[in-house]
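Asker: turn this into a structure:
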Amino acid sequence: MKVVTINAIIFISLLKSTYDGIARQNDTLFTRNIGSISFEITDTKTSNLIFAYPIVSVDRGSHAILVQKAKGTDNILQLKAETNDFQQTNLSVITKDGRLYSFIIDYNQDPKILNLALTPDTTNLVQPVQISGANLNDEAYKSIAKRIKKERPFMRTVIREQKIQLHLTGIYIADRSMWFTIQLTNKSQIDYKIDQVRFLVRDRRRTKRTAIQEQELVPQYTEGSETINGLSKGFKLFAFIPFTIPKTKEIIMVINETNGGRNLQFKISHYTLIKAKSIIRKQDSLTTY
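Answerer: The predicted model follows:
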């Protein structure tokens, strides 16, 4: 009887050791270093990053670099230095096919490469990620835009700068997309030509010693006036993947005038964001920044 008991104990011990070994093996995490692509920019020339798929998210490490999608495209990102010198920083771009591109950005007064085309086949410095909701095509966006144009404005916040008035008329949720609608009123005789419109997520409160941390939101679709003639009005629509922001952050809508100084900055709080009006009953997925 003692022999049987001892053998049983040995068997159980061996079984436990084997199970613990398998458990430890299954708990092992496998990691892979995702490298970054080095890229140089200047303040006197515009550089272009050309992706195989539409851009859905851009995050820059410093406000010293200016970024925007090229007009009329959704897969070309334009870069320019804000000053003639800056410390090395980084840039992260996510495209619609669910891939992350990481860049190390340096200043060079005369960069050798101005245009860089990137595809998953030509670089292994790309990491697949999961993106929810980014599957609408241009026809779908145009159809939703027609519906939104028929909606009555329900937001009243207005800012003014040198006889240019910016009015956020509404925020809407429709078919896996979030829309911002604005009205620009030009009360001067001088035409107002829009150079670029940017949406930045920033901390609401910053100390002098704290570096500016911001993330740029890139619209999936835009529509509307590019020039507001003197004594007239114009409208613009911007579609994003639905998102929310924490109470500690805010969205800054920046509209710059071409060759002019009538630049606008419009703050959108988390409280304003959650007032978004749904124009269809279908549920939408949210991305939190």
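Asker: any low-confidence regions in the protein?
Answerer: 1-32, 119-135, 206-213, 280-289 (pLDDT under 70).
Asker: is it true that Glu139 lies in a helix?
Answerer: Yes: under DSSP: H, G, I helix; E, B strand; the rest coil, Glu139 falls within a helix.
Asker: can you start the count at 49 instead of 1 from here on
Answerer: OK, 49 is where the count begins now, so the last one is Glu187.
Asker: how much space separates it from Lys119?
Answerer: Separation of Glu187 from Lys119 (Cβ to Cβ, to the nearest Å): 20 Å. (C-beta placed from N, C-alpha, C; glycine too.)
Asker: between these two, which is the more surrounded one?
Answerer: Lys119 (12 against 8; other Cβ atoms under 10 Å).
Asker: secondary structure of that one: a helix, I assume?
Answerer: No: counting by three-state DSSP, Lys119 is not found in a helix; it is coil.
Asker: for it, give its distance to Met203.
Answerer: In terms of Cβ to Cβ, Lys119 sits 26 Å off from Met203.
Asker: phi and psi next, for the residue most central in space within the chain.
Answerer: Per Cα atoms, centre = their mean, the C-alpha nearest to the average position across the chain is that of Leu265, at 2.8 Å. Per-residue torsions, Leu265: phi -100, psi 120 (degrees, to the nearest 10).
Asker: what sits against it?
Answerer: 105-106, 247-249, 288, 291, 299, 337 (Cβ atoms under 8 Å, 6 or more residues apart in numbering).
Asker: again, 6 Å this time
Answerer: Shown in contact with Leu265 (Cβ atoms under 6 Å, 6 or more residues apart in numbering): Phe247.
Asker: show me the beta-bridge partners of it.
Answerer: Here Leu265 sits in beta bridges with Phe247, going by DSSP bridges.
Asker: before we move on, what about Ile303?
Answerer: The partner list for Ile303 in beta bridges (DSSP bridges) reads Val245, Leu312.
Asker: okay, now it: neighbour count?
Answerer: 21.
Asker: repeat that for the one 5 residues further on.
Answerer: Each residue near Gly308 was counted by other Cβ under 10 Å, and the total is 15.
Asker: am I right that it sits in a strand?
Answerer: No: read with three-state DSSP, Gly308 is coil and lies in no strand.
Asker: measure it to Asn123 for me?
Answerer: Gly308 is 29 Å from Asn123, by Cβ to Cβ.
Asker: repeat for Ile152
Answerer: Taken as Cβ to Cβ, the span from Ile152 to Asn123 is 21 Å.
Asker: quick one: the helices in this protein, in order.
Answerer: Assigned by DSSP state H, the helices in the chain fall at 50-74, 186-197, 318-321.
Asker: give me every residue that touches Glu262.
Answerer: 248, 250.
Asker: how close does it get to Gly109?
Answerer: Applying Cβ to Cβ to Glu262 and Gly109 gives a distance of 9 Å.
Asker: same question, Phe134
Answerer: From Phe134 to Gly109 the distance is 10 Å (Cβ to Cβ).
Asker: try Ile103
Answerer: Relative to Gly109, and taking Cβ to Cβ, Ile103 is found at 17 Å.
Asker: and the two? which has more neighbours close in?
Answerer: Neighbour count, other Cβ under 10 Å: between Ile103 and Gly109, Ile103 has more, with 22 against 18.
Asker: how close does the closest residue to Ile142 other than its chain neighbours get to Ala222?
Answerer: Residue nearest to Ile142 in three dimensions, not counting chain neighbours: Ser105, with 4.1 Å by Cβ to Cβ, 6 or more residues apart in numbering. Separation of Ser105 from Ala222 (Cβ to Cβ) stands at 20 Å.
Asker: more neighbours: which of these two?
Answerer: Ala222 (25 against 22).
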